[in-house]
Structure formats: structure tokens, C-alpha cells
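>>> sequence-free structure coming up:
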């Protein structure tokens, strides 16, 4: 048997991934042999039994009990093997070890929030320690989302009605992608997060630093530079472009000081107060042509951070 | 059926009826004017009307598919807006599934050929048949309104609570689907009664062509499953309009309940789409191998078994949705069991070719590519049924590729094969065999170039319904897009030569493929009442060792000389045939 799976699958970065890969490879390889067999037989018959004249007399054989039983039993055994194999591994996915490190996950249109045991929060960046089981306890603030980390071979829907769980044990420090795989609206494909796998030591160190977003402006950065950092960290960039192209929300290019028409026909000048209001109460004044879909950042961003974002927006000319 | 021999047999007087290749009029020209079409009760004309309507739907939904592929040319998408992209894939899915794949074969080829294949003059309820067509059109009008009014962006699955919150035209779209469902139910009912009551004398269940068996199994699913779809969308509409909490957690509802409801219909619906395809393939392989179909009873009964088991596997769409692990386990097991009868059909078709007399006409090329593509669809279905692997593959491009191999590589390829096979009978014209083969080649290659890379994309982690994607997926996406152009070219060519054949094609003989089923035992195109007489069936549908003349038997006197249906006319040869009126 040769390994066909490697042409299909991404790198295996969790302790569990090789289980999934082994079964994937078994089905792909067995299936490839089966397909090859069918194609060879088909081509052989097409050539050997090609029509020689319109009066060809063909065999009247139309069944053969022995062969029919054989070709029913063999696939049956095969699929039962596959079923048990998949079943065994599936249950592992549903039983996180007792000593797992817990991280709370909140999904909403269209960002991921991760909260660690000391209260530190990150957005669209998931830091996990390597070499120990990590359990994600997930909920959604609005519609159904789904958390998928291909390199770990794990996925589960994130529901507004109850908590769901994903667990994994990342093998060594590195990076992985995290996607949303339950269609959740216009920003669905922007719900991407980086998984940053760190050694336990680095992870602990990082965790103690406290969340940079609650830490205030790092010294040595201007307000606008800090605003740019927040723009990326808080997922503003999924919906608001900087190059003038229309996204889920209006682009920030040249927006400051401009006059915009609202959905109720009124116009408003984009100033500090309008931006502040739009961050804290996004539904209050919707720009015409856009939908009321932005989540509030009340309680997420502090005053200084809103100031930094405004400073950043002012720079986008 | 009764166990005693004598009760099953009836004595009839039959005679040979010579076939009139050039009757004075046929079904398409026996009445003139647009009204004669719009108000027709002839199953053949209704079949043609469905065919035209459905082809239009396919054209629109196909153009949407090309636009979707074009939009995915770049990782950071700027060809259409994100919202437009979401609307495109929703409409592509909704139209293809509810307006094309589900009604596809039964309403077109089924309507046209089911009565002919059982030797009937029409379906059991011709007026109901016409009503079904207009119900379909009424439903389609709602969906067209939804499209013109700005489209829908929920995906064809309408998952709650997104579909409750969405500000797009969910309401007209779901009302459209609700209405179309009734068309499906009534068509199914009509066919079931037709097959029970209108089979020609001698045409026992064991002599039915396998295509009619497959339509029978499909009809049962249509009648039993479609009401659940109607219930589901009604509940959805109630929740959206009246704010009754059923699925929306904000109102105390359960979003997973919606998924159970939805897939309880939509999984059996997969079999509504594919089972008629199995039927077509059996006819094609039998005729172009000139051989009895191997394992006739297995193929016939397995369609019914699949129809039944198909109701018990819906939960395999929900392995990572939050349903209980125990439920997932049971659904996984039953999913594997349904794979067995499906797989054995493939072996049966191969065995049919053994010691046959095989000719690679265009329909046979489609039948053979069906076996190839459907096997890939089946194997990848086994992959997705395996619990742990599905966790990784669920909602990725692997799933997209899988269901396109099943739906397109299965149902659509079979449909095109059937369309070519029966084209001479329906239109009375032969299409160009050379063009047919070139077009087949483009479709086959284009299909694989489009969809095979999507298996790799999905396994590598590319989620479905993505407007933007990571740069590492670019090459595979571009390959897939190029494939869609080849595919589009293949279909364009097909449209050209098929339309050309209507105008300039050679006149088709009554039985160009030398088949043995009843629809070939009348002129091409058929006369208004299909047969001048009441056909009597004495042989099996694939008895190629018997001369065609033995399939042209009819009740003596049933051509109007001696009274229609008179079982004891003067003259004729007495034969004993099996009872068919059950």
C-alpha cells in the first residue's frame, strides 16, 4: 500500500491528526484500487466485447448467485471496518482529558474572541501551549459559526443556544490557521484567526504580560500607529478597507471629514463623535447602502483605544 | 402478487401490428397553436414543456456557477462584491436543486417515457399532470421574484438563525420552494398510480424496464419526503413573519432542530435526484451492450431499499453540529449500509457488459463515464460517512467536490445520456454522432478538471462558501476555474448540435438503437396516443435474443377493428400472459 493521503492532507500538527490521516489514507488507497479495477474491467470489456455486427448474439446469463454474494460481502466487511475505525477516533474527539487547559471562545459576525484563565482576551489570535491538551469552550453571540483548525483535524459548530467543545494537543511550537466553516454571512470568509502554538514557558510568559489590548498604548508608538495595531487586532480590517474598496462596511480611506448619506436619507459629517458613536452603538446611524451588521465594541475598547482608532482613521486620506 | 399460477395468468388473443414509420401526424403536430401546448394533457407535450423550462433553469444556474468560479480566480476577491458572491452561490444551489435536479428526470424523461414504456396512452391523471406543471411554474415565479428583488444570501440550506436574521428575500424563496414541493408530490402520486393501473397486458412487475422501476422508487420518496420540506419551510416562514420561537434561540427555539427537519427531507431528496439516473444507466448499458441487465431484480429492489434507507441517514450531515455522539454513530452506520446496494449496482452494470455486444454511441459514453464518476462520488461518500474523517472534511471543498461528483457526475451525466438516447424518439431527428462524442469529451474532461482539484482543496482545509481564500489555495482554485470553462464549452457545443439537429437532422427511424422496450415500438416521434393498439408484452425488456417483431404484439381488434379492449375478437393468436392489473 502506498500513501496517497499525503497528496491531499495538510501538515499534521496535533497528536490526534495521524489517526484521521491513517483512515483517510486507507479509504483513499482502497478506493483508488477499486476505481482502477473498475476502469480496467470496463475498458477490457469495451474492447473485447465490441460490437462486430448488428446480429451479434450475446450471452443470456443474467445472474450468478455466488458472485453476487461475494461482491456484497466484501464491501460490507470493508465498510464495517471503516465504520468502527471512524467511530473509535470520533469518541476520542469527544472526550477531552481531565487536565486540559481551558480557553473560552466567543464567535460573532465576523470575529473570534479568545479568553484565557487569567482574564486575558485576544481577538482573532489564539495562543495555545504546545505539548498539553487544550480544550476550547465555545459559544456564539449571533448565528451558527464553526471552528475549524485543519492542521489539528478538529472542527465543531459554535452555537448560540449551547456550549460546544473542541480539544487538541498541539505537538510543537508553530502556527496554524483557524477558519469559520459554517456560512455566517457576508464576512464569513474573513473569520480567520491565527493559532500561535508556544512552548509552555513562552505561553506562560505571554499570558502574564496581560492582554496588550487592555494594556494601553505601548510606549514608543504614536496614537495612529497604536490605532493601526488595534485596527488589525480587533478585526476592523475584515470589513473596513483602507484602499477605498467597498467591503461589508465603508472604507476608511478619506472618510474622516467627509459627508455621508445615511440610510434614512439624512446626511452627517464624519467627525470624532460620529466615529465614537459608530464604534459603541453601530446601529445608530447606518451609512446608506450598508447593513446593520457591525457588533458593538462597548466594553471591548477603552477610551484611549477609541482615540487611537480615530487618530488612525484621520491618517487615511 | 397472488401465489397461485392460474390467478396470475390471463388468456388473450393477440396479433402482430406492423409499425408505421411515417404516420400522418404525431404528438407534436397533431394540434396547432400555442394554446394546444399550454393546455395540453398529453404526457409527451407536458414532458417537452418541462424539458424547455428546466433547460432554462439549468442555463441560468450554470451561468451563476461560471461566475462563482470566475470570482474565485483571485484569493482576495474583487471581481464581484462579497454580497453578490453570497447571492450567486445561494441561487446556484437553490435553483439547481429545487428547480432542476429534483424535478429533472421524472418530469421530463419520466413524463415522456414512463407511459410509453408501460404501453399506456397517458398517465393515470392527465389533468393533474398539467396542474403539476403549472404549480411548478407558480413556484418558479416566486423564486424569480426573489432573484429580481435582490436575491437571497443564506445558502440553499437556509440554516437558522442566519436565515431568520437575513434581510434578503428568504420569504419569497421559501414560499417558492413550498409551492414547487406540491408539484413534486402530485407528479409522484400520478406515476405511482399509473404504474399500478395502466401497465399493458402481460407487463408484470418482473418485465418492467428498470427505468420505470427507478421512477417508481423515486415517486415513493417524493410523496413521503416532500411534505416534510413543506412543514420545514412553513415553520421557517412562521418564525420570520410571526416571530414564533421554533428555531431561533433568541425566541427559545433550537437551531439544530431546523437542521434535523431540513435534512430529513433533503437527504432523501438526494435519492430523488440520483435514483432515476440509475434507471437511465440500466437502460443505456443494456441496450448498447445488447444484453439482459445483470441482476435485474437486485437493481429493481435495491432502488426501493435505497428509497427506504435514505430516510434514516439524514444525521450524517450533522456530525459536527452538536447532535449527540450516539446519534451520529447510528447515522454513520446506516450511511455505510446504504452504500452497499449502491455499490453493487456498479458491479451489476459492469457484469451486464460481460459477453455483450458493446457499441460506444454517445449515450453509452455517458453511461460509462457515469460509472467512473459515480464510483468516485461513492468512495468519497464513504470517506465522509466515516465519523472521525468527516470532522476534518465537513463543510470544506471536499464535500463540494463529493456532491458534484454524485449530482453532476451522477444525475446530470445520466440525464444527458438519457436525453441523447431518447432524443430521436422525442424529436424524430438524429443528432450528429461526431459532435456528440466531441461534446462528451469536453464535458467529461471539463468536469474532472473542475471538480477533482476541489477534493485536494478541501482535504487541505479550504472551507466552502468562501469569498476570499488564503494564497496557498490559488493554483488549485485556478485549475478548477479553467475546468469550468471547458465544461461550459462542452455544454455550448451540445446546445448547438442538438438545436441544429431539430432543423437539419436526419429523420430518425422508430428504433435507432435496436432496443426492445415499448417506447421504441412506435414511430419517431410517437403518435398522439403512443400506440394504435393495446400492446401486449410477452418478453422481458432486455430480451435481445428475440426479434423486434415479437415486441410489436397487440390485442387483436384493439386498433378499432372489432372494438377497443375487446378480449374476444375474431381472429388473432391466443397467448397466455401474466396479469398486469395490480
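Right, received. Where do you want to start? Just so it is clear, the structure is predicted and the values come from calculations on it, not from any experiment.
>>> tell me the strands in chain A, going along the chain?
A:101-108, A:111-115, A:121-123, A:125-129, A:133-140, A:145-149, A:154-158, A:164-169, A:174-180, A:193-198, A:259-261, A:267-269 (DSSP state E).
>>> can you list the weak-confidence ranges in the stretch 151-300 of chain A?
A:210-216, A:219 (pLDDT under 70).
>>> if we can go back for a sec, pick the most deeply packed of the strands of chain A.
For the strands of chain A, the largest average neighbour count (mean count of other Cβ atoms under 10 Å in any protein chain shown) is found in strand A:145-149, namely a mean of 27. Bear in mind the C-beta positions are built from the backbone N, C-alpha and C, glycine included.
>>> Now the strands of chain A in CSV, please, with extra columns for distance to chain B.
As requested, the strands of chain A are exported to CSV (distance: least, Cβ to the nearest Cβ, whole Å):
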stretch, distance to chain B
strand A:101-108, 12
strand A:111-115, 14
strand A:121-123, 18
strand A:125-129, 16
strand A:133-140, 9
strand A:145-149, 6
strand A:154-158, 5
strand A:164-169, 5
strand A:174-180, 5
strand A:193-198, 11
strand A:259-261, 19
strand A:267-269, 22
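>>> ok, what's across the strand from the spatially most central residue of chain A?
By Cα atoms, centre = their mean, chain A has its centre lying nearest to residue A:179, at 1.1 Å. Applying DSSP bridges to residue A:179 gives these bridge partners: residue A:148.
>>> any chance of the strands of chain A in TSV, plus distance to residue B:142?
Shown next, in TSV, are the strands of chain A (distance: least, Cβ to Cβ, whole Å):
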stretch	distance to residue B:142
strand A:101-108	32
strand A:111-115	36
strand A:121-123	41
strand A:125-129	44
strand A:133-140	31
strand A:145-149	30
strand A:154-158	30
strand A:164-169	36
strand A:174-180	31
strand A:193-198	39
strand A:259-261	33
strand A:267-269	37
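>>> Which among those is found nearest to residue B:213?
Closest to residue B:213 of the strands of chain A is strand A:154-158 (Cβ to Cβ; 39.3 Å).
>>> Please name the strands paired to that closest one in the sheet, noting orientation.
strand A:145-149 (antiparallel).
>>> Outside of the strand it pairs with itself, list whatever touches it.
A:105, A:107-108, A:112, A:136, A:138, A:154-158, A:166, A:168, A:176-182, A:184, A:191, A:195, B:320, B:395-396, B:461, B:463 (Cβ atoms under 8 Å, 6 or more residues apart in numbering or on different chains).
>>> Mind naming the longest strand for chain B?
strand B:9-16.
>>> Dihedrals phi and psi, residue A:271?
phi -120, psi -170 (degrees, to the nearest 10).
>>> thinking again about what came up before, and the longest strand of chain B, how far out from the chain middle?
The chain centroid and the centroid of strand B:9-16 are separated by 35 Å under Cα atoms, centre = their mean, to the nearest Å.
>>> list the helices and strands it packs on?
Here strand B:9-16 touches strand B:553-555, strand B:573-578, going by 3 or more Cβ pairs under 8 Å, 6 or more residues apart in numbering or on different chains; DSSP states H and E.
>>> Of the ones you listed, give the one that comes closest to residue A:143.
So among the helices and strands packed on strand B:9-16, strand B:573-578 is nearest, using Cβ to Cβ, at 58.2 Å.
>>> No more questions from me, cheers.
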